[in-house]
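Undergrad: Only the shape, not the letters, is given here:
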């Protein structure tokens, strides 16, 4: 029940945050809609291209800013803190982060703090500091203040693994109306469906919005093995065991002396 | 050369993993142990999740103990009756261990319990082995017989009832300590994700007075059966066995085990036990440091569930 309320709240926050002030149109396209992980996958970089189309001829050309928010499949993760108890380091305290993105990339053409006012950024959840990361506190689910130590540690650890990132230089405007954004995917990128939300700013105000989707899936042999392990666990287990016995047997035949 | 592991969901360097398999296989062949207590921490160190590491190491150990067991079988150095009785008790121990594992996991203190059990077991067993083997080495220097085992040397363990004769090992002991040892190995294995060979070998030697000739082969058969069934169980219940990772480890492991076994057979028993004792003790110290020294990051993240 609490979670449902939290989700609703989240939808409201995302859905009707800001009305575009002017009527520019934003057209975006991804270099590929599907990332297939095969045995030689070591990470990837996607490119998002887009153009800004002014509304009719009356609009004077403006200087734009662009923020791309990439969110991976949601996960519930627990952040634990160690403390010294009787001379040894023990996990004494933990917080559960409920349905937070497994991947979160906030990419822009300049640091988000320069793009819009703090209250606008907070309302639109722009920047790692403003993104909603709900925690379970007792029976409630809520985001805490930005300088909460658990929240900071969580964002820090996820950033260290390349899963959370905020970059003020990942988006480049090729012409005043054409841009490209580089979306880096680390080697251990979470599998699933990614939402890409593109927001266009002019003069510190949101003027247009667009989105795209991206699927990260396993392919070929990787897909086959993963499916077999999941759907036919017992057979897969016996096959692995037989493989072990066969490897052991071959070795003793190959290395047999006398 | 990188290869993406389908279950661990991450790329690894093939040659690094192959090298790890080779090194651990060499040690396991030399001492007649599975080497899980070395391999599992190594895999976790290169970034494989602990659950996938434990599950995949099981099949790697099955492979290297099978190749070892085959060569001991040819030399008639396996006491099958003893191995099967230990196994029966081991299954009971494993079931108890799995139950406790699940409970501790819910309490979020599994890391601590695993850490503490590694430290206690490894340092104590390591220290005992060093002590015993150094004494044996010194005795050998003085021209005395290297082992303290004399015919008719009995401890209180031999006074227990329900005695059984194990022909291959030429021992006549009560089934009580045999069942107890089997239970402990199964229990510890389930909690710590190890085969327990490094515990079983000294226990068989010191408590049951199993002769060195059959102890390693017997321990390998037990390791083989437990690890082969652990592979199937992990695959059927948790779906966490990474066959690609396992295959790379196995290939390195069996090759290493063959060379290790040759080195082991050339060495004197007490020196072999001293080396193993030092190794076990060193790994124990390494875990102790991890618990005592302040970690770089006090925070860590654990996956709870997906969508």
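TA: That came through, no problem. Quick caveat, the model's predicted, so the values are computed rather than measured. Numbering: from 1, shown residues only, chains lettered A, B, ... in the order given.
Undergrad: Is the strand or helix carrying residue B:103 positioned near chain A?
TA: Using DSSP states H and E, residue B:103 sits within helix B:80-106. No. Shown here: helix B:80-106 not in contact with chain A (CB under 8 Å from any CB of the partner chain), separated by at least 11.7 Å. Just so you know, the C-beta spots here come from the backbone N, C-alpha and C atoms, and that holds for glycine as well.
Undergrad: Please state the mean pLDDT value computed over whichever helix or strand comes after that helix.
TA: Downstream of helix B:80-106, the first helix or strand assigned by DSSP H and E is helix B:110-141. For helix B:110-141, the mean per-residue pLDDT is 84.
Undergrad: can you pull the buried residues of helix B:110-141?
TA: B:110-116, B:118-119, B:121-123, B:125-126, B:129-130, B:132-133, B:136, B:140 (16 or more other CB atoms under 10 Å in any protein chain shown).
Undergrad: circling back: report the buried residues of the helix holding residue B:103.
TA: B:82-83, B:85-87, B:89-90, B:93-94, B:97-98, B:101, B:104.
Undergrad: Quickly name whichever of those is closest to residue B:247.
TA: For residue B:247, the nearest member of the buried residues of helix B:80-106 is residue B:94. The distance, counting by CB to CB, is 25.0 Å.
Undergrad: which non-adjacent residue is nearest the closest one?
TA: Leaving out its chain neighbours, the residue that sits closest to residue B:94 by CB to CB, 6 or more residues apart in numbering or on different chains is residue B:186, at 4.0 Å.
Undergrad: Enumerate every residue touching residue B:142.
TA: By CB atoms under 8 Å, 6 or more residues apart in numbering or on different chains, the contact list for residue B:142 is empty.
Undergrad: For the chain, which segments count as helices?
TA: In the absence of a named chain, this looks at chain A. A:2-15, A:112-115, A:118-123, A:149-160, A:220-231, A:233-254 (DSSP state H).
Undergrad: my bad, the chain I had in mind was chain B
TA: Listed in chain order, the helices of chain B (DSSP H) span B:14-31, B:36-45, B:50-74, B:80-106, B:110-141, B:175-192, B:197-206, B:212-237, B:243-266, B:269-292.
Undergrad: now, of those helices, which is deepest in the fold?
TA: Neighbour counts (mean count of other CB atoms under 10 Å in any protein chain shown) averaged over each of those peak at helix B:50-74, with a mean of 27.
Undergrad: so what does that helix touch, helix or strand wise?
TA: helix A:233-254, helix B:14-31, helix B:36-45, helix B:212-237, helix B:243-266 (3 or more CB pairs under 8 Å, 6 or more residues apart in numbering or on different chains; DSSP states H and E).
Undergrad: which non-adjacent residue is nearest the residue in the stretch 151-300 of chain B that chain A sits nearest to?
TA: Nearest to chain A in the stretch 151-300 of chain B, going by CB to the nearest CB, is residue B:235, at a distance of 2.9 Å. For residue B:235, ignoring the flanking residues on the chain, the nearest one in space by CB to CB, 6+ apart is residue A:237 at 2.9 Å.
Undergrad: show me what contacts that neighbour?
TA: So residue A:237 contacts B:231-236, B:241 (CB under 8 Å, 6+ apart).
Undergrad: Now find how far off-centre the helix holding residue B:103 is within its chain.
TA: Taking CA atoms, centre = their mean, to the nearest Å, the mean C-alpha location of helix B:80-106 is offset from the chain mean by 14 Å.
Undergrad: so for that helix, what's the average pLDDT?
TA: The average pLDDT for helix B:80-106 rounds to 82.
Undergrad: quick one, that helix and helix B:212-237 angle?
TA: Here the directions of helix B:80-106 and helix B:212-237 differ by 40 degrees (axes from the mean of the first three to the mean of the last three CA atoms, to 10 degrees).
Undergrad: who does helix B:80-106 touch, helix- and strand-wise?
TA: Using 3+ CB pairs under 8 Å, 6+ apart, helix B:80-106 sits against helix B:110-141, strand B:163-166, helix B:175-192, helix B:212-237.
Undergrad: Reformat those into JSON lines and put distance to residue B:246 next to each item.
TA: As requested, these are exported to JSON lines (distance: least, CB to CB, whole Å):
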{"stretch": "helix B:110-141", "distance to residue B:246": "21"}
{"stretch": "strand B:163-166", "distance to residue B:246": "33"}
{"stretch": "helix B:175-192", "distance to residue B:246": "18"}
{"stretch": "helix B:212-237", "distance to residue B:246": "8"}
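Undergrad: Quick one: closest of these to residue A:73.
TA: Per CB to CB, nearest to residue A:73 of the helices and strands packed on helix B:80-106: helix B:212-237, 23.9 Å.
Undergrad: Quick check: mean pLDDT of the closest one?
TA: Here helix B:212-237 scores 82 as its mean pLDDT.
Undergrad: before we move on, what about stretch A:228-241?
TA: Averaged across stretch A:228-241, the pLDDT comes to 89.
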